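Student: pasting a predicted model and its sequence here:
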Amino acid sequence: MKRGIHMCPRCFFCELQAETINHLFLHCKVVRQLWHLFTSFRGTSWTMPQRANQAIESWNTEGSGSTDQSRWRIVPAVIWWTIWKERNMRCFESISSPLHRIKTNCIITFCYWCSLEYVDDPIVVIDILGSL
């Protein structure tokens, strides 16, 4: 919109709020479920900060007790990449994935980024998620 392109300012997921960086990547009800997905693997709760830069700092602090801190630290990038791809499909291609598919895509991307190969074995997926 800043560049003069006419776009709907609403979030493509919840359609309730204006699409800002902080709403899209932190506070939208869809993306909150992705954050919760990863915190639930560790059995922790996490209070969502207001801004994206605060989220990174807080997330890295929260992950200090993680078995594999490098994997924990890529979670925000995986969530944001998944949301950004889905948002662009909704915006430019009028294609919407259901929530369960968005979650699956996020987990698959996480496993891929952790192992650098496509993982379709549930045991390997569980092992990777268990390393958080």
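Tutor: That came through fine. Numbers count the residues shown, from 1 in each chain.

Student: which other helices and strands does the longest helix seen in the chain contact?
Tutor: Counting residues, the longest helix in the chain under DSSP state H turns out to be helix 69-92. For helix 69-92, the elements it packs on are helix 29-42, helix 52-62, helix 99-115, judged by 3 or more CB pairs under 8 Å, 6 or more residues apart in numbering; DSSP states H and E. In short, each C-beta sits where N, CA and C put it, glycine included.

Student: looking at those, which has the lowest confidence?
Tutor: Note on the helices and strands packed on helix 69-92: lowest mean pLDDT is at helix 52-62, with a mean of 88.

Student: and that one, which residues are buried?
Tutor: Neighbour-count burial for helix 52-62 flags Ala55, Trp59, Glu62 (criterion: 16 or more other CB atoms under 10 Å).

Student: show me what contacts the residue most central in space within the chain?
Tutor: In the chain, the C-alpha nearest the mean C-alpha coordinate belongs to Ile79, at 1.7 Å (CA atoms, centre = their mean). With contacts defined as CB atoms under 8 Å, 6 or more residues apart in numbering, the neighbours of Ile79 are Phe25, Val31, Leu34, Trp35, Phe38, Cys106.

Student: how does it look with 7 Å?
Tutor: Contacts for Ile79 (CB atoms under 7 Å, 6 or more residues apart in numbering) come out as Val31, Leu34, Trp35, Cys106.

Student: just to revisit the earlier point, ok, the buried residues of helix 52-62 vs Phe92, which is closest?
Tutor: Ala55 (26.0 Å; CB to CB).

Student: name the SS class of the nearest residue to that closest one once chain neighbours are set aside, please.
Tutor: In this structure, Ala55 finds its nearest non-sequential neighbour in Pro49, 4.9 Å apart by CB to CB, 6 or more residues apart in numbering. Recorded secondary structure, Pro49: coil (DSSP: H, G, I helix; E, B strand; the rest coil).
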